[in-house]
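[1] when you get a sec, could you give me coordinates for this:
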Amino acid sequence: MSDRIQVLPDLYAALAELWCSPQDIDREEVSRAAREKFSRWELMDEEGAALLSRFLEDPILEEDYVELFELEPRCPLYLGSHSFDEPQTCPGAGMSDRNGYMLELLAIYRHLGLTPNKGELSDYLPLMVEFLALSAESEDPIREKLIEEYILPHLPPMRSRLEELNTPYLYLLEALERVLRIDVEAGRKVASHG
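    Sure thing, here's the model as predicted:
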């Protein structure tokens, strides 16, 4: 197994935690652990490590997080909400493109042997990143499909929103994108040598 693949579970776990509410994590401990994990990563991806460092430089206040991502979010953490129009009626919700996207995500999670917390929607970014941590050592091509078709194409609208809002979470998103691309690349190398 390559060094990159061995580092992925820790990287994704750190990134998933950093997307969570500051009240739910010990930011100093998570920052310390993330820096430690990314220091190993820095040997392989200096730019990704630099993006994470820039994110960690600015402490995030709980009220800023809530305003940005919760209640009436300025930038929802639900990827589908950035890519699909919200249905205008309850019956429309069952037939919406986002609903189909979330059902397909659930099927992928189950295929990979993972069961999401029943309290969270399947397109919740921290949940998606946590599943990538749990499945990082899987060589199942469905995992690559999850990244390439269900995550990466849905990040640009979120990135645009984070840019508009001028928030340090943009650095965290860009670090995540780098890890995702390197993960796919590493998976392809393993598949071509397997």
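
[2] can I take it that residue 136 is in a strand?
    No - secondary structure of residue 136 (DSSP: H, G, I helix; E, B strand; the rest coil): coil, not part of a strand.

[3] how much space between it and residue 16?
    In this view, residue 136 and residue 16 are 12 Å apart by Cβ to Cβ, to the nearest Å. All C-beta spots, glycine's among them, are computed from the backbone N, C-alpha and C.

[4] what's next to the longest helix along the chain, contact-wise?
    In terms of residue count, the longest helix belonging to the chain (DSSP state H) is helix 169-193. Contacting residues not belonging to helix 169-193 are listed as 1-2, 4-5, 8, 11-12, 15, 18-19, 41, 44-45, 47-49, 51-52, 54-55, 60, 68, 75, 129, 132, 136, 139, 141, 143-144, 147-148, 151-152, 155, 158-159, 162-163 [Cβ atoms under 8 Å, 6 or more residues apart in numbering].

[5] let's go with 6 Å and repeat that
    Residues from elsewhere that reach helix 169-193 (Cβ atoms under 6 Å, 6 or more residues apart in numbering): 2, 4-5, 8, 11, 15, 18, 45, 48, 51-52, 54-55, 144, 147, 152, 155, 159, 162-163.

[6] from the chain's centroid, how far away is that helix?
    Per Cα atoms, centre = their mean, to the nearest Å, the displacement of helix 169-193 from the mean C-alpha position of its chain is 11 Å.

[7] avg pLDDT for it?
    Averaged across helix 169-193, the pLDDT comes to 84.

[8] got it, and stretch 127-143?
    In this model, stretch 127-143 has a mean pLDDT of 92.

[9] CA atoms of that stretch as CSV?
    As requested, C-alpha coordinates have been extracted for stretch 127-143 and formatted as CSV (Å, rounded to 0.1, in the frame of the first residue of the first chain):
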residue,chain,number,x,y,z
LEU,A,127,-20.7,12.7,6.9
MET,A,128,-19.4,12.1,3.3
VAL,A,129,-15.8,12.9,4.3
GLU,A,130,-16.2,10.6,7.4
PHE,A,131,-17.3,7.8,5.1
LEU,A,132,-14.2,8.4,2.9
ALA,A,133,-12.1,8.0,6.0
LEU,A,134,-13.8,4.7,6.9
SER,A,135,-13.5,3.3,3.4
ALA,A,136,-10.1,4.7,2.5
GLU,A,137,-8.5,1.3,2.3
SER,A,138,-11.2,-0.1,0.1
GLU,A,139,-10.3,-0.9,-3.5
ASP,A,140,-13.9,-1.0,-4.6
PRO,A,141,-14.4,1.1,-7.8
ILE,A,142,-17.7,2.3,-6.3
ARG,A,143,-15.6,4.4,-3.8
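
[10] show me what counts as buried in it.
    For stretch 127-143, burial by neighbour count (16 or more other Cβ atoms under 10 Å) applies to 127, 128, 129, 130, 131, 132, 133, 134, 135, 136, 143.

[11] how about stretch 154-162?
    Within stretch 154-162, the residues that qualify as buried by neighbour count (16+ other Cβ under 10 Å) are 154, 155, 158, 159, 161, 162.
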